[in-house]
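1. I'd like to go over a predicted model; first the sequence, then the structure.
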Amino acid sequence: MHINSVLLAKIFKTNYSEINKYCRHLYKKKINYYFVSKKERDTLILNILKKISIDRQIIASKGRKNRWYEGWKENLYLFRKSSKHKLLLPKFYTARDNKYFRLNGEFVRVTDRYFEIKMVNIFRNWYFKKYLRNIQNIYEFGAGTGHNLIELAKIFPKKNLYGSDFVSSSVKLIEIVAKKNKIKLRSFIFDMKKPNKKIKLKNNSAVYTSGAIEQLSGKIKDFIDYTLRQKPKIVIHSEPAENFYNQNNLVDYLGYSFQHKRGYTNNLYSHLLNLEKKKKIKILKVVKSPFGSLMMEGYNFIVWKPIK
């Protein structure tokens, strides 16, 4: 089997024409996958259960800020040496050496170690082009290495891009990336748990997070309040979220168990639903993570806008 417009339209909850218009160039060279046998599936489930039982990583635990600083510092060092864009891919993508991923709620076997990265790129090309084409200023919070911003610059070279993170190694890396690639990209320090109210977003702006709110351990209110006050045209999240798992489905329940044990943020969607009930925002699109790593689905998609 290979990735095609029929599958993508289904899992992105959109239509074939949008997929072909925005993403076709990214899957013209076949991205293959294979359904697993019953024996493979049983082995995977057993291995996942074992990994969950011994996993000790806690999101936002003491010392995690320093680990993020050192992680982005390593990417900074490597990028300074060669300036290759693949060095901007976070290590949690490139360090994985497994042949199994999640696709449309099931396990699949692949031969391409960059399968997840390629799927991420197809997904973000779709939603960037669909939702950000009329926006002039795009702010990514928790931007890490800036790899999403690099893709945005390829798609929209004339837009103003801004990347922020809570550690200086990330901000410095984004600054160097912008300079070496000669793109309209600026960076600044920003702690999403303690938003700097002096930082104002420009008119006709969008807010974007990808795998960033997950790290706040549920302490999201201040950031969402900050975002509401800035009145962006649109807000896009691509994040893990426990709410999206069907706990009566075995594959989903394994992902839920792993996320829950680690303490990823689990209240974003419920908080946004509450704001919508209060008529403060309008939720425009929601998509359950179309794919994921072996252990979890980290790309649940939520688009909303403030109601003025």
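-> The structure has been received and is ready for your questions.

2. Can you tell me which residue is spatially central in this protein?
-> The chain has residue 210 as the residue nearest its centroid, 3.0 Å off, counting by C-alpha atoms, centre = their mean.

3. what pLDDT does that one get?
-> What the model reports for residue 210 is a pLDDT of 95.

4. Please tell me how far it sits from residue 123.
-> Between residue 210 and residue 123 the computed distance is 10 Å (C-beta to C-beta, to the nearest Å). C-beta: built from backbone N, CA, C; applies to glycine.

5. hang on, the earlier thing: tell me what the residue nearest to the centre of the chain is bridged to.
-> Beta-bridge pairing of residue 210, defined through DSSP bridges, involves residue 238.

6. pretty sure it is touching residue 238, no?
-> Yes. Between residue 210 and residue 238 there is a contact under C-beta atoms under 8 Å: 4.4 Å.

7. Tell me which stretches of this protein form helices.
-> 5-11, 16-27, 38-54, 64-82, 91-94, 115-131, 147-155, 168-181, 221-230, 250-262, 268-277 (DSSP state H).

8. which one of those helices lies closest to residue 141?
-> helix 221-230 (7.4 Å; C-beta to C-beta).

9. name the helices or strands packed onto that closest one?
-> Packed against helix 221-230, as judged by 3 or more C-beta pairs under 8 Å, 6 or more residues apart in numbering; DSSP states H and E, are the following elements: strand 205-210, helix 268-277.

10. what's the spacing between it and its chain's center?
-> Between the centre of helix 221-230 and the centre of its chain there are 19 Å (C-alpha atoms, centre = their mean, to the nearest Å).

11. Using CSV, write down the CA coordinates of that helix.
-> Provided in CSV are the C-alpha atoms of helix 221-230 (Å, rounded to 0.1, in the frame of the first residue of the first chain):
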residue,chain,number,x,y,z
LYS,A,221,-4.9,29.1,30.8
ASP,A,222,-2.5,31.9,30.9
PHE,A,223,-1.3,31.2,27.3
ILE,A,224,-4.8,30.9,25.9
ASP,A,225,-5.8,34.1,27.7
TYR,A,226,-2.8,35.9,26.3
THR,A,227,-3.7,34.6,22.8
LEU,A,228,-7.3,35.8,23.1
ARG,A,229,-6.2,39.3,24.2
GLN,A,230,-4.0,39.5,21.1
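
12. Show residues contacting that helix.
-> For helix 221-230, the external contacting residues (C-beta atoms under 8 Å, 6 or more residues apart in numbering) are 141, 192-195, 197, 200-201, 205, 207, 213, 216, 235, 271-272, 275, 280-281, 306.

13. Apply 7 Å and report the result again.
-> Helix 221-230 has contacts (C-beta atoms under 7 Å, 6 or more residues apart in numbering) with 192, 193, 194, 195, 197, 200, 201, 207, 235, 271, 280, 306.

14. Show me which residues of it are buried.
-> Applying a neighbour-count criterion of 16 or more other C-beta atoms under 10 Å, one finds 223, 224, 226, 227, 230 buried in helix 221-230.

15. Pull up the gap between residue 21 and residue 5, please.
-> Using C-beta to C-beta, residue 21 is found at 10 Å from residue 5.

16. Between these two, tell me which one has more neighbours.
-> Neighbour count, other C-beta atoms under 10 Å: between residue 21 and residue 5, residue 5 has more, with 16 against 12.

17. burial measure for the closest residue to that one other than its chain neighbours, as a count.
-> Among residues not flanking residue 5 along the chain, residue 19 sits closest, at 4.4 Å (C-beta to C-beta, 6 or more residues apart in numbering). Per other C-beta under 10 Å, the neighbour tally for residue 19 reads 23.

18. Settle this for me: residue 19 is touching residue 10, isn't it.
-> No. With contact defined as C-beta atoms under 7 Å, residue 19 does not reach residue 10; the gap is 9.7 Å.

19. Cheers, nothing more for now.
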